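Engineer: Okay, here's the prediction I keep looking at, along with the sequence it came from:
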Amino acid sequence: MQISRTGRTLLAAVLVTGALAAPALAQDVSEETVNYFKANCTSCHTIGGGRLTGPDLKGVTERQGPEWLATFIVNPARVINGGDAYALELKREAKDQVMPTLPGLTKDLATKLVELIVVESAKEKSRFVGLQLSDRPLTEEDVAYGRALYNGGTAIASGAPACIGCHQVDGTGGFGGGRLGPDLTDVYSRLEGRKPLAAWLAAPPSLTMQPIFADHPLESDEVLSMVAYLKSTAESGRPTPGHGAFAFLIAGMAGAAVILVGFDLIWRRRFRGVRRRLVMESK
Amino acid sequence: MVSDFVLFGVLPYVAMVLFLVVTVQRYRQSKFSYSSLSSQFLENKQHFWSSVPFHYGILAVLGGHLVGFLLPDAILGWNAVPWRLFLLEATGLSLGLLTVAGLVMIVVRRLSSSRVRRVSTIADWIVYVMLLIQVVSGVLVAYFHGWGSSWFASSASPWLWSLVTLSPDISYVAPLPLLVKLHIVNAFVLIAFFPFTRLVHVLVIPNMYLWRKPQVVIWNRGGPAARGGGR
């Protein structure tokens, strides 16, 4: 088939325009939006990787319009409390867990997040398909390694702090784990299993952990071992928030008493006044 | 939140500027007011059991905070073995309780000894209230939100360094519990108030006492009115 010169020119123009337009579409999604999604959304959602705590977001705009989605993302609780039927259905599917309202998330950013989901949904394999963890059975070695990561015996490769600093897990012993964050003994069952817990550990979304772990993420084998350890505690332990707190208080008071006795001994020759001694001696 | 930014991104700078400017200015204008104006001569028995535990306690606790700020990795390394973490935390709690006990004794002594009460100023009482808030909230944080030695190194230290590098990142401290926030905010209010009070003696112990002119503290019956400096 012969293509006329005009036709060839038109075809070239279309191809060039198309080639220029494609990266322009990709560039619409800013790195800031991608990083926000990575830090705040991937612990509960995948795009094409199946359900975690929240639904798989692939093709979500086919289920609800972008405007509805952006409104919901900004303040899920408000939409749910407003009685929206679809939002209530999402809540039921998440076993009554309500998606948190993220501070600083504006309608504009929520709209950009929806655009990112559209772009990623169109890909055969999204970069947010989720952590590709091994499906192999978890072993006793995994549990032991996870326990060592929890209590700091084995350092987390990225330099992230050990979990014991903020979290209690049944069986910690001594004065127990930290009391800044929640007890993690049954977190495996609370988050409903291996995959959601792994996603959580890969990108902790809590506001306290996020700034620390954004630059110090856990590696895949560390996530798997932590999952193994927390699965074992969920199966054999029970949450004991406040474990060791009383013993800790007693130890602190005993330590203070010992130091006070030490002060008295160190300064036993201190000046105590002369009058009382003279009065005593005169009797 | 705006309030978090004001408290953790602005207040620390305001406090440090006040601290530096007023400290220097006060020293230039009123050198001999750099003293705690000891009241040991007026009452000595309770003084030992209040002053000694308080001062050694708070110095050790402040030293611990300083190490956490300067060498956070060393603290996390020490805490990598649970018994060492427990030992450090129990020692910190002991010193905190010692500080609280000493400070309570200091306040009781000020209230119960009429001679000491007479030489106490409004600024002294404000200092005691702020110090009480500081040390009591510190002990409560240690008890209810352990293990502070670990999470101070991973949350508070990066925030403090972000302040030092003039790029405040409040995301590390904004989500912390209310009690921790109270402890942090009160610390900076205390730093801001520091140069206006008897706390300036912290800056001259013990070095300046070694070479400056002798100072004899004699309290007049007027008490607080005589506090422009010893004579």
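Structural biologist: Now that the structure is in, tell me what you want to look at. Residues are numbered from 1 along each chain as shown, chains lettered A, B, ... in the order given.
Engineer: Can stretch B:171-182 be said to contact chain A?
Structural biologist: Yes - judged by Cβ under 8 Å from any Cβ of the partner chain, stretch B:171-182 comes into contact with chain A at B:S171, B:Y172, B:A174, B:P175, B:L176, B:P177. C-beta here means a position set from N, CA and C on the backbone, and glycine is covered the same way.
Engineer: for these, which one is nearest chain A?
Structural biologist: B:P175 (3.6 Å; Cβ to the nearest Cβ).
Engineer: so what pLDDT did that closest one get?
Structural biologist: As predicted, B:P175 sits at a pLDDT of 92.
Engineer: A:A26 now?
Structural biologist: Reported pLDDT for A:A26: 47.
Engineer: cool, and the one 3 residues further on?
Structural biologist: At A:V29, the predicted lDDT confidence score is 78.
Engineer: I'd like to know how far the residue lying closest to it once chain neighbours are set aside sits from B:S113.
Structural biologist: Nearest non-adjacent residue to A:V29, counting by Cβ to Cβ, 6 or more residues apart in numbering or on different chains: A:L116, 4.8 Å away. Distance, A:L116 to B:S113, by Cβ to Cβ, to the nearest Å: 69 Å.
Engineer: ok, these two, which is more surrounded?
Structural biologist: A:L116 (22 against 18; other Cβ atoms under 10 Å in any protein chain shown).
Engineer: what is the rounded mean pLDDT of the longest helix belonging to chain B?
Structural biologist: The longest helix of chain B (DSSP state H) is helix B:82-112. Averaging pLDDT along helix B:82-112 yields 95.
Engineer: following that helix, which helix or strand comes up?
Structural biologist: Of the helices and strands lying after helix B:82-112 in sequence (DSSP states H and E), the nearest is helix B:114-118.
Engineer: For that following helix, which helices and strands make contact with it?
Structural biologist: helix B:82-112 (3 or more Cβ pairs under 8 Å, 6 or more residues apart in numbering or on different chains; DSSP states H and E).
Engineer: Residue ranges in chain B under the pLDDT threshold?
Structural biologist: B:1, B:34-44, B:205-231 (pLDDT under 70).
Engineer: Kindly recompute the last result at 90.
Structural biologist: Low-confidence segments of chain B, defined by pLDDT under 90: B:1-3, B:23-51, B:109-121, B:123-124, B:146, B:194, B:197-231.
Engineer: Would you mind giving the domain segments of chain A?
Structural biologist: Following automatic domain parsing, one gets these domains for chain A: A:16-121, A:141-236, A:249-283.
Engineer: Buried deepest among the ones you listed, which one?
Structural biologist: Ranked by mean neighbour count, the domains of chain A are led by domain A:141-236 with a mean of 20 (mean count of other Cβ atoms under 10 Å in any protein chain shown).
Engineer: Endpoints of that one, how far apart?
Structural biologist: Start-to-end span of domain A:141-236 (Cα to Cα, to the nearest Å) is 17 Å.
Engineer: same check, this time on stretch A:145-159
Structural biologist: Per Cα to Cα, stretch A:145-159 runs 16 Å from first to last residue.
Engineer: how about the helices of chain B, start to end?
Structural biologist: Going by DSSP H, chain B shows helices at B:2-5, B:11-29, B:45-70, B:72-78, B:82-112, B:114-118, B:122-144, B:148-151, B:157-164, B:178-193, B:207-211.
Engineer: Pick the most buried one from these.
Structural biologist: Of all these, helix B:148-151 carries the top mean neighbour count, a mean of 26, counting by mean count of other Cβ under 10 Å.
Engineer: Indicate which one of the helices of chain B is closest to A:E219.
Structural biologist: Closest approach to A:E219 among the helices of chain B (Cβ to Cβ): helix B:72-78, 18.1 Å.
Engineer: Does that closest one reach chain A?
Structural biologist: Yes - legend: contact between helix B:72-78 and chain A by Cβ under 8 Å from any Cβ is shown at B:D73, B:L76.
Engineer: spatially speaking, which residue is in the middle of chain B?
Structural biologist: B:L131 (6.4 Å; Cα atoms, centre = their mean).
Engineer: quick one: contacts for that residue?
Structural biologist: B:L103, B:L190 (Cβ atoms under 8 Å, 6 or more residues apart in numbering or on different chains).
Engineer: And it, how close does it get to chain A?
Structural biologist: 17 Å (Cβ to the nearest Cβ, to the nearest Å).
Engineer: Hmm, B:E89 is touching B:S149, no?
Structural biologist: Yes - the pair B:E89 / B:S149 is scored as a contact, 6.0 Å apart, by Cβ atoms under 8 Å.
Engineer: element containing the closest residue to A:G159 other than its chain neighbours, please.
Structural biologist: Once flanking residues are discounted, A:G159 sits nearest to A:H216: 5.3 Å by Cβ to Cβ, 6+ apart. Under DSSP H and E, no helix or strand contains A:H216.
Engineer: quick one: low-confidence parts of the stretch 151-283 of chain A?
Structural biologist: In the stretch 151-283 of chain A, residues with pLDDT under 90: A:171, A:173, A:190-196, A:199-200, A:202-207, A:210-211, A:213-217, A:220, A:237-243, A:267-283.
Engineer: quick one on the thing from earlier: which stretch of helix or strand covers the residue nearest to A:V29?
Structural biologist: Assigned by DSSP H and E, A:L116 falls in helix A:107-122.
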